[in-house]
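>>> What follows is a protein structure lacking sequence information:
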């Protein structure tokens, strides 16, 4: 699976394509790269209406591999290395979105699966009305 990063794209285009493939993950972009294991400051987050051309440091376009077996760290690295974009992948946890700082070494498939809502089984208790 790949996403095409074009000169005409806006942040929302990339976010929507990513989330279509991984519904329990979210992609955010920031003004500066985050250090390994650290969260990106909310104040540095880029608006989804921002054209990619205005925020990238490397002015190239092309394909980015977001296959299920790639780790969050590898995808974030490629955004920076290939396009000069500071990206952060987030995972859904209930009603919250968590940055994958500790789980950067998990694959996109593992992260997406971890974000799926847990279906709770209803417990059925036997009818003990006939017991003495």
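Nice, thanks for sending it over. This one's a predicted model, so the numbers in the text were calculated from it and none came from an experiment. Numbering: from 1, shown residues only.
>>> And residue 94, how close does it get to residue 114?
12 Å (CB to CB, to the nearest Å). Glycine gets a C-beta too; all of them are placed from N, C-alpha and C.
>>> Tell me where the longest strand sits in the protein.
Taking DSSP state E as the criterion, the chain has its longest strand at strand 86-93.
>>> which of residue 94 and residue 114 has more neighbours?
residue 114 (16 against 9; other CB atoms under 10 Å).
>>> Surely that one forms part of a helix?
Yes: Residue 114 forms part of a helix when assessed by DSSP: H, G, I helix; E, B strand; the rest coil.
>>> change the start of the numbering to 679 and stick with it
That works, and once the first residue is 679, the last one we named lands at residue 792.
>>> which residues touch it?
Residues in contact with residue 792 (CB atoms under 8 Å, 6 or more residues apart in numbering) are 702, 769, 781, 784.
>>> Identify those among the residues you listed that sit within helices.
Counting by DSSP state H, none of the members of those fall within helices.
>>> got the contact list for the one helix or strand in the chain whose mean pLDDT sits lowest?
Lowest on mean pLDDT, DSSP states H and E among the helices and strands of the chain sits helix 730-733, with a mean of 84. Residues from elsewhere that reach helix 730-733 (CB under 8 Å, 6+ apart): 683-689, 692, 707, 709, 724, 737, 761, 763.
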